[in-house]
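S.K.: what follows is a protein structure lacking sequence information:
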C-alpha cells in the first residue's frame, strides 16, 4: 500500500507540473534573477570594503586618544590598508592583533605583499611625546622573540611617543625597525605603506602567504 501511495503521489505531482508548467518557469526565472542580483551586490560590497581600507587615515591626535588595545587594532588596520593599496588581494589580509598576556613581544602579525612576515610590538603613550620613552629593555623583549619564536622577517617597534638614543643604537645593531611618533604620523596619514618608509628591509620572499 505504501508503494501504491508513493506512485500515486508522484503521478499527481507530475500531472500538476504538466498543468501548471508556467509556475515552474516563473519560479526558475525569479531564482535566476535573484542570483544575478546577489552576486553583483556581494562584489560591490567587497569593492567597498577594499576602497574603505585604502582610504583609511589616522591623525596622530586620534592615535594619542586611543586605549592601548585600540592602538594595537589601529596598527593592524593600517597594515591591511597598505596591502590593499599595493593591489595584492592577499597582501596583509592575514594581519591580526595578537597582543595580550603572554604575547611574547608580538602585538600584531602580518604578511606583506612580498611574502615577508612581520611582527609589530606596540607601545602606546597616552601623553604622546610627554610620556615615558621606549627604552632598550622594551626592544630586548622584541629582539628575543621576534625571530626565534615568531619566525619573523621584519621586527618593528611602533610608538606614538619617544625612543631613547640607546634604544635606537640597540635597534640598529640587532636589525630591529623603529616607528617613532614622527614616522607613525607619516604612515598613518597614508602617504606610503610601511615597507616604503622603513630602510634596510630583507628581500622579498615571493607571493604573499599567510604567516
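M.R.: Structure's in. What do you need? A quick note: this is a predicted structure, and the numbers were derived from the prediction, not measured.
S.K.: contacts, neighbours, all on C-alpha from now
M.R.: Noted.
S.K.: now the residue lying closest to residue 105 once chain neighbours are set aside: how far from residue 190?
M.R.: The shortest distance from residue 105 to any non-neighbouring residue, by Cα to Cα, 6 or more residues apart in numbering, is to residue 142 (5.0 Å). Using Cα to Cα, to the nearest Å, residue 142 is found at 26 Å from residue 190.
S.K.: helix, strand, or coil at residue 155?
M.R.: Counting by DSSP: H, G, I helix; E, B strand; the rest coil, the backbone at residue 155 sits in strand.
S.K.: doesn't residue 177 make contact with it?
M.R.: Yes - using Cα atoms under 8 Å, residue 155 is in contact with residue 177, at 6.1 Å.
S.K.: more crowded one of those two?
M.R.: residue 155 (28 against 20; other Cα atoms under 10 Å).
S.K.: ok, and the closest non-adjacent residue to that one?
M.R.: residue 119 (5.1 Å).
S.K.: the one you found belongs to a helix, doesn't it?
M.R.: No - looking at residue 119 with three-state DSSP, it is strand, so not inside a helix.
S.K.: give me the domain ranges for this structure.
M.R.: Domain ranges of the chain: 2-53, 57-197, per automatic domain parsing.
S.K.: make sure residue 81 is indeed in a helix.
M.R.: Yes - assessed by three-state DSSP, residue 81 belongs to a helix.
S.K.: helix or strand with the lowest mean pLDDT in the chain?
M.R.: Lowest by mean pLDDT, DSSP states H and E among the helices and strands of the chain is helix 21-54, with a mean of 60.
S.K.: which element follows that helix toward the C-terminus?
M.R.: Following helix 21-54 in sequence order, the next helix or strand is helix 60-64 (DSSP states H and E).
S.K.: okay, buried residues for that following helix please.
M.R.: 60, 63, 64 (16 or more other Cα atoms under 10 Å).
S.K.: any weak-confidence spans in this structure?
M.R.: The chain contains residues with pLDDT under 70 at 1-2, 4-7, 10-11, 13-14, 16-17, 20-25, 34-54, 85-91, 99-103, 206-211.
S.K.: can you tell me the closest non-neighbouring residue to residue 82?
M.R.: Leaving aside its chain neighbours, residue 82 sits nearest to residue 193 (5.1 Å; criterion: Cα to Cα, 6+ apart).
S.K.: report how many residues lie close to the one you found.
M.R.: 20.
S.K.: isn't it up against residue 80?
M.R.: No - Residue 193 is beyond contact range of residue 80, at 10.0 Å (criterion: Cα under 8 Å).
S.K.: centre of the chain versus stretch 127-139, how much separation?
M.R.: 26 Å (Cα atoms, centre = their mean, to the nearest Å).
S.K.: cool, stretch 158-167 as well?
M.R.: For stretch 158-167, the distance from its own C-alpha centre to the chain's C-alpha centre is 25 Å (Cα atoms, centre = their mean).
S.K.: could you list the residues in contact with that stretch?
M.R.: With contact meaning Cα atoms under 8 Å, 6 or more residues apart in numbering, stretch 158-167 is reached by 60, 63-64, 120-125, 127-136, 139, 178-181, 184.
S.K.: perfect, that will be all.
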